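Student: got a structure for you, letters missing:
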């Protein structure tokens with residue numbers, strides 16, 4: 001068994017059954033992804049259309065491709081044919097474009113609203129107030145081809161685990177509030193946690209983790 005399969009086995013053994021794993025395969029080869037696929041992984045995350053199109057053509061067609069990176073509106077049209085889910089919807093303008101282009105190909109796209117929760121200025125996302133207003137005004141009803149399934153957040157790039165806990169906890173409490181007051185049957189998912197902080201995200205009750213280097217790189221578990 002190769003190290004990728006060993007890494008996957010370790011992660012899946014140590015996460016609750018109700019948490020879904022997105023294997024972040026950007027920057028990794030078709031061969032690496034195939035090894036993860038052969039180990040039973042079916043959800044993979046990409047952030048560049050060029051990589052995604054090449055990999056999708058060479059890999060099994062039952063892979064569930066998620067788009068996880070910052071998505072520019074002018075790239076939406078080229079990305080949508082390959083993916084089922086976008087984790088990084090960070091503006092109404094982007095949401096409008098996804099709905100428009102999804103309608104042209106007749107596919108409903110699952111989307112997370114990305115909420116800005118970190119102290120890193122390079123990150124994107126709705127503020128808490130902007131996100132709350134979106135749901136208060138019931139703006140999701142104007143979209144026919146977009147299904148809002150939850151919220152996504154990226155914590156600060158810091159070694160301070162207390163801060164990461166705080167940021168994830170605040171997003172989870174906000175998610176639960178929105179779900180309780182404005183949510184529908186589709187609004188069920190919280191996407192938090194990457195390779196360096198997914199264990200904290202699990203403690204803070206995420207439903208989806210996005211893990212790349214911890215799966216595809218050699219390391220001691």
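Tutor: Sure thing, it's come through. In this text, all values refer to a predicted model and were calculated from it rather than measured experimentally.

Student: all contacts plus neighbour counts: C-alpha atoms, from now on.
Tutor: Will do.

Student: before we move on, what SS does the residue nearest the centre of the chain have?
Tutor: Averaging the C-alpha coordinates of the chain gives a centre point, and the residue nearest to it by CA atoms, centre = their mean is residue 87 (3.7 Å). Under the three-state scheme (DSSP: H, G, I helix; E, B strand; the rest coil), residue 87 adopts strand.

Student: that one touches residue 71, doesn't it?
Tutor: No. Judged on CA atoms under 8 Å, residue 87 makes no contact with residue 71 at a distance of 9.6 Å.

Student: what residues are up against the closest residue to residue 7 other than its chain neighbours?
Tutor: The shortest distance from residue 7 to any non-neighbouring residue, by CA to CA, 6 or more residues apart in numbering, is to residue 215 (5.2 Å). Remark: with contacts taken as CA atoms under 8 Å, 6 or more residues apart in numbering, residue 215 is in contact with 4, 7, 8, 23.

Student: what about the first one, neighbour count?
Tutor: It stands for residue 4. Taking other CA atoms under 10 Å as the criterion, the count of residues near residue 4 is 21.

Student: please, which helix or strand holds it?
Tutor: Residue 4 is located in helix 3-13, with elements delineated by DSSP states H and E.

Student: contacts for that helix, please.
Tutor: Contacts made with helix 3-13 from outside it, assessed by CA under 8 Å, 6+ apart, are listed as 32, 35, 36, 39, 214, 215, 216, 217, 218, 221.

Student: can you pull up the bridge partners for residue 21?
Tutor: Per DSSP bridges, the residues bridged to residue 21 are residue 209.

Student: quick check: the gap between it and residue 206.
Tutor: Note on residue 21: its distance to residue 206, by CA to CA, to the nearest Å, is 11 Å.

Student: more neighbours: which of these two?
Tutor: When neighbours are counted by other CA under 10 Å, residue 206 comes out ahead of the other of residue 21 and residue 206, with 24 against 21.

Student: where does the more buried one land in three-state SS?
Tutor: Going by three-state DSSP: residue 206 is coil.

Student: surely it and residue 18 touch.
Tutor: No. Applying CA under 8 Å, one finds residue 206 not in contact with residue 18, separated by 9.5 Å.

Student: could you report the neighbour count for residue 33?
Tutor: When neighbours are defined as other CA under 10 Å, residue 33 has 22 of them.

Student: ugh, typo on my part, it should be residue 214
Tutor: Here the count is done by other CA under 10 Å, and residue 214 has 20 residues near it.

Student: tell me the SS of it?
Tutor: Bear in mind the rule, three-state DSSP; under it residue 214 is helix.

Student: who touches the residue nearest to it when sequence neighbours are not counted in this structure?
Tutor: The shortest distance from residue 214 to any residue that is not its chain neighbour, by CA to CA, 6+ apart, is 5.4 Å, and that residue is residue 195. If you count contacts by CA under 8 Å, 6+ apart, residue 195 has them with 210, 211, 212, 213, 214.
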